[in-house]
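Peer 1: give me the fold of what follows.
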Amino acid sequence: MILCVFLLLLPFVTSCSQLPTSNGQSSLDVSSSNKASITDIESEGAEIFWEVQHILLQNDLPTEKQWQALFQTPGYFELVANEIPEQIFKQLFILAFKPSEYQKAEKLINDGNIKARFIQHLRSTQHQQQALSAFIKVFTNSYSKNYKEYVRLAQEYLPNTSTLFATLPKISFSYFDNDARGFKKRIVLDPLFALSNESSLKYWIAHEFHHYFSHDLAAFRQPEENTPDADVMWILIQTQLEGIADLVDKSQIYFQKGYMEDSLFAQIYKEKYQQSTTLLAGFDELFQQYSDMTYSQKAKQELAVQIRKSLPMAGHPTGYFMARAIEQYQGKQALVSSIGNPFMFFTLYQSAAIEHNTLYQFSQQTMRNIELLEKKYAH
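Peer 2: Presented below is the predicted three-dimensional model:
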C-alpha cells in the first residue's frame, strides 16, 4: 500500500484452478500462466538489518560499506529508489537503536513527530529475531501453495487478460514500517508487520499484487518532475490506483468487523471515508482554478500542492469511496476498464454522480480541466 508518508519527512521529497470471479468471468488458470517458488522471495535485507541493529545498539555507527550492504539488497533498494531516501533510513535506524540518541528519539515520540511511528516500529523488532526469522522461513516454504489465493483476490478487480498474469512479483522482506509496498517489479513486506497481521495477510498481499499487475496497464505518461502538473497528476493517479486496490482488502480489514476495525489507522481511514463528500467538494473548489491563466507560475505551483493535499492519506479513503460508487452505479466491468486511466476513473464517477444525486457532483470546469490533462498526458 503506497501511502508515501515519507513525503512528509523531508520538504524536498515530493501496491489456481479455474475460480469464479465476481465480474461473472472465470479467472485465469494461474498454474499454467505462471509458477511460484521460494526463489521468488528473498530476505537478504532482513538478515543484514540485524547486523546493523547490533552495531547501533553498541552505540557505534555502521561504516558506509555496511550501510550500502543494507541498501543494495533488493527490498531496501526499491524503497530507497522509490520512496525513502537513504539519509532518512539512517536517521530512523540511529534514533531507534543507538543508546546515545534515546532522549532525542523519546522527544520525537512524545511530541507526536511523524518519525515517531517508524522509530517505535523499528524498536519493536528487538528481541524478536528468532521469531521473525522463523516466520520468514515458514512464509517462504509455503508460498508456492499460497500464491494462487493472492492472485485470485487481486483478479477480482483486474481485467481477465492472459498476458497480465504471465509473471508474478518478486517479494522482499525488509524492516521499514508497519506496512507493505507494491512497486513495479517487487513487493516489499516488513516481517514484523507480516507476522503481526498473519491472520489477514493474504488481503494485504493481494492489494500489493493488484498494484503489481496494474503497472503495465498505465494509459498515461508522467509529467515533468517539480511542475504543477506533476502534483495534480499524482493525486489523480493515486486516487484511482489506491481506490480500486483498496476494494481488494479494506472491506475485509477495516470494515465488516475486520481484525483492524478498531485500530487508530482504521478509525482515521473510516473518518476520512465518511468525509468524502466534503473532501471532494474541497478538491473541486481548488481544481476549478487550475486552468486560470492569470496565475503566476509560483501561484499555480502552490495551487497544485493544495490540490495534491486536498484528498488525505494519498487518496486512499476518497478513492475507495469513488470506486465503490462506480462499481455500484456503473458496474464492475466499467470500474475495471478504468484501471491505469485516472481520467476515465473520474469521468465514470461523475457519470454516477449525475445519475444519483446522493453523490457529490464535480463542476463542469473541473471536468474540463481533467479533460485537458487527459489530452496532454493520455496515450
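Peer 1: OK, contacts around Tyr212?
Peer 2: Going by CB atoms under 8 Å, 6 or more residues apart in numbering, Tyr212 touches Pro169, Gly182, Phe183, Lys184, Lys185, Ile187. Every residue, glycine included, has its C-beta placed from N, CA and C.
Peer 1: should've said Ser338
Peer 2: Ser338 makes contact with Gln240, Ile244, Ile326, Met344, Phe345, Leu348, according to CB under 8 Å, 6+ apart.
Peer 1: would you mind measuring from it to Trp234?
Peer 2: Distance of Ser338 to Trp234, computed by CB to CB, to the nearest Å: 17 Å.
Peer 1: do the same with Glu242
Peer 2: 12 Å.
Peer 1: which of these two has more neighbours?
Peer 2: Taking neighbours as other CB atoms under 10 Å, Glu242 and Trp234 compare with Glu242 leading, 27 against 21.
Peer 1: where does that one land in three-state SS?
Peer 2: Following DSSP: H, G, I helix; E, B strand; the rest coil, we place Glu242 in the helix state.
Peer 1: shouldn't it be in contact with Gly319?
Peer 2: Yes - contact status for Glu242 versus Gly319: in contact at 5.0 Å, counting by CB atoms under 8 Å.
Peer 1: distance check, Tyr360 against Leu236.
Peer 2: Taking CB to CB, one finds Tyr360 at 16 Å from Leu236.
Peer 1: okay, these two: which has more neighbours?
Peer 2: Set Tyr360 next to Leu236 and count neighbours by other CB under 10 Å: Leu236 wins out with 24 against 19.
Peer 1: contacting residues for the residue in the chain sticking out farthest from the centre?
Peer 2: The centre of the chain is farthest from one residue, Thr294, which by CA atoms, centre = their mean lies 35.6 Å away. By CB under 8 Å, 6+ apart, the contact set of Thr294 is empty.
Peer 1: cool, and His215?
Peer 2: Taking CB under 8 Å, 6+ apart, we find His215 in contact with Lys184.
Peer 1: what about it, which SS state?
Peer 2: His215 - assigned by three-state DSSP - is helix.
Peer 1: thought Leu153 was touching Val248?
Peer 2: Yes - between Leu153 and Val248 there is a contact under CB under 8 Å: 5.8 Å.
Peer 1: any common contacting residues for the two?
Peer 2: With CB under 8 Å, 6+ apart, Leu153 and Val248 have common neighbours Tyr203, Ala206.
Peer 1: of the two, which one has the most company?
Peer 2: Neighbours per residue (other CB under 10 Å) separate Leu153 from Val248, with Val248 holding more: 25 against 20.
Peer 1: in what helix or strand does the more buried one lie?
Peer 2: Val248 belongs to helix 228-253 when assigned by DSSP states H and E.
Peer 1: mind checking how far that helix is from the chain centre?
Peer 2: Relative to its chain's centre, helix 228-253 lies at 8 Å (CA atoms, centre = their mean, to the nearest Å).
Peer 1: give the other helices and strands that that helix contacts.
Peer 2: helix 129-155, helix 201-214, helix 297-309, helix 316-330, helix 342-355, helix 364-377 (3 or more CB pairs under 8 Å, 6 or more residues apart in numbering; DSSP states H and E).
Peer 1: format these as a markdown table; extra columns: mean pLDDT and distance to His54.
Peer 2: Shown next, in a markdown table, are the helices and strands packed on helix 228-253 (pLDDT from 0 to 100; distance: least, CB to CB, whole Å):
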| stretch | mean pLDDT | distance to His54 |
| --- | --- | --- |
| helix 129-155 | 95 | 10 |
| helix 201-214 | 94 | 28 |
| helix 297-309 | 96 | 40 |
| helix 316-330 | 98 | 36 |
| helix 342-355 | 98 | 45 |
| helix 364-377 | 98 | 48 |
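Peer 1: what strand or helix carries the closest residue to Glu51 other than its chain neighbours?
Peer 2: Ranked by CB to CB, 6 or more residues apart in numbering and with sequence neighbours excluded, the top spatial neighbour of Glu51 is Gln66, at 7.2 Å. Following DSSP H and E, one finds Gln66 within helix 64-71.
Peer 1: beyond that helix, next helix or strand please.
Peer 2: Sequence order places helix 74-82 as the next helix or strand after helix 64-71, per DSSP H and E.
Peer 1: which elements pack onto that next one?
Peer 2: Helix 74-82 packs on helix 44-57, helix 64-71, helix 86-97, strand 170-173, strand 180-182, strand 186-189, going by 3+ CB pairs under 8 Å, 6+ apart.
Peer 1: walk me through the domains of this structure.
Peer 2: The chain breaks down by automatic domain parsing into domains covering 5-216, 228-377.
Peer 1: hmm, back to that, in contact with the residue nearest to Glu51, which residues?
Peer 2: Contact partners of Gln66, counting by CB under 8 Å, 6+ apart, are Glu51, Val52, Ile55.
Peer 1: in contact with the second one, which residues?
Peer 2: In this case it means Val52. Residues in contact with Val52 (CB under 8 Å, 6+ apart) are Pro62, Gln66, Trp67, Leu70, Phe93.
Peer 1: distance of the last one from Phe176?
Peer 2: In this structure, Phe93 and Phe176 are separated by 10 Å, where distance is defined by CB to CB.
Peer 1: now the first one
Peer 2: The span separating Pro62 from Phe176 equals 16 Å under the rule CB to CB.
Peer 1: for these two, indicate the residue with more neighbours.
Peer 2: Set Pro62 next to Phe176 and count neighbours by other CB under 10 Å: Phe176 wins out with 26 against 20.
Peer 1: Lys104 is in contact with Ile94, correct?
Peer 2: No - between Ile94 and Lys104 there is no contact under CB under 8 Å: 9.3 Å.
Peer 1: between the two, who's got more neighbours?
Peer 2: Between Ile94 and Lys104, counted using other CB under 10 Å, the more crowded position is Ile94 (18 against 13).
Peer 1: the closest residue to that one other than its chain neighbours: how many residues sit nearby?
Peer 2: Nearest residue to Ile94 in three dimensions, chain neighbours excluded: Glu101, at 5.6 Å (CB to CB, 6+ apart). A total of 18 residues lie near Glu101 under the criterion other CB under 10 Å.
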